[in-house]
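K.L.:
sharing a model prediction with you, sequence too.
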Amino acid sequence: MENPAVRDAIIQAQAAYAHCIDEGRLEEWPNFFVEDDCHYKITTARNHRQNLPAGVMWANSRGMLLDRVTSLRQANIYEPQSYRHILGQPLIVSEAGDGVRTETSFIVVRTVNDGPMDLFAVGRYLDLYRVQGTAVKLRERIVVCDSSRIDTLLAIPL
């Protein structure tokens, strides 16, 4: 039975996640994930259907997420850009124990250097949330992009 308070917490977590990235507060991004055992991957729909394990971006620990942010801030060279996420409503797919699986459609518009806006990514988040009371954190986020064409400027997490 779906718990409305948990559903609301997931909706709020989704909105806060997108807002964090859209506002460039990447140092806060890993905090949306559990500390002990999290997974983040960006892949294509084709690769997801074929169950291919590698992704365009991949991390299997919160430490790797933190390293990603450090790399973006200190080592990587990429054109300044910002994202704007548009999210659908999360669909609760299943609930078991302290875990809730959801699927959420997304669109990301990218603006490079205050220049033109481009439709950057369209797809869905396949999430596993850990629920503790009404607090939720991501245990897993698989970002499945509808297109097999991934822009080489993909630097910031989706």
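P.N.:
Structure received.
K.L.:
alpha carbons only for contacts and neighbour counts from here, please
P.N.:
Noted.
K.L.:
in this structure, which helix is the longest?
P.N.:
Counting residues, the longest helix found in the chain (DSSP state H) is helix 4-22.
K.L.:
any idea of the mean pLDDT in that helix?
P.N.:
Averaging pLDDT along helix 4-22 yields 96.
K.L.:
and the next element down the chain from that helix?
P.N.:
Using DSSP states H and E, the helix or strand that follows helix 4-22 in sequence is strand 39-44.
K.L.:
got the contact list for that following strand?
P.N.:
Contact with strand 39-44 is made by 54-62, 139-148, 158, as judged by CA atoms under 8 Å, 6 or more residues apart in numbering.
K.L.:
and it, how far from the chain's centre?
P.N.:
With CA atoms, centre = their mean, to the nearest Å as the basis, strand 39-44 stands 8 Å off its chain's centre.
K.L.:
model confidence over it, on average?
P.N.:
94.
K.L.:
and the helix or strand just after it, what does it pack against?
P.N.:
Once the chain leaves strand 39-44, the next helix or strand it forms, by DSSP H and E, is helix 45-49. Here helix 45-49 touches strand 135-145, going by 3 or more CA pairs under 8 Å, 6 or more residues apart in numbering; DSSP states H and E.
K.L.:
and the strand it packs on, which residues are buried?
P.N.:
Going by neighbour count (16 or more other CA atoms under 10 Å), the buried part of strand 135-145 is Val136, Lys137, Leu138, Arg139, Glu140, Arg141, Ile142, Val143, Val144, Cys145.
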